[in-house]
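Novice: sequence isn't available, so here's the structure alone:
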């Protein structure tokens with residue numbers, strides 16, 4: 001019988017607004033297993049500055 005061990009790191013991302021999920025994506029691409037914890041149940045419609053970037057050519 002062989003035993004296997006996982007070397008995958010688990011990471012918790014606490015809040016962070018839009019940066020939380022973006023950070024989680026970067027951690028996942030780096031081979032980690034992130035979990036995002038956020039206070040809002042769903043989307044935060046109407047909250048925040050509503051920043052936008054113009055499209056690049």
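Specialist: All right, it came through fine. These numbers were taken from a predicted model, which means no experiment stands behind them.
Novice: what are the boundaries of the helices in the protein?
Specialist: Using DSSP state H, the helices of the chain run over 19-29.
Novice: where in it is pLDDT low?
Specialist: 1-5, 41-53, 57 (pLDDT under 70).
Novice: try it again at 80.
Specialist: 1-6, 40-57 (pLDDT under 80).
Novice: tell me where it has strands.
Specialist: Here the chain has its strands, by DSSP state E, at 10-14, 33-37.
Novice: and the angle from the first one to helix 19-29?
Specialist: Pointing back at strand 10-14 there. Interaxial angle of strand 10-14 relative to helix 19-29 (axes from the mean of the first three to the mean of the last three C-alpha atoms, to 10 degrees): 170 degrees.
Novice: contacts for strand 10-14, please.
Specialist: The contact list for strand 10-14 (C-beta atoms under 8 Å, 6 or more residues apart in numbering) reads 20, 21, 23, 24, 27, 32, 33, 34, 35, 36, 37. All C-beta atoms are positioned from the backbone trio N, CA, C, and that covers glycine.
Novice: CSV please, covering the strands of the chain and showing distance to residue 56 and mean neighbour count.
Specialist: Below are those laid out as CSV (distance: least, C-beta to C-beta, whole Å; neighbours: other C-beta atoms under 10 Å):
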stretch, distance to residue 56, mean neighbour count
strand 10-14, 28, 12
strand 33-37, 28, 14
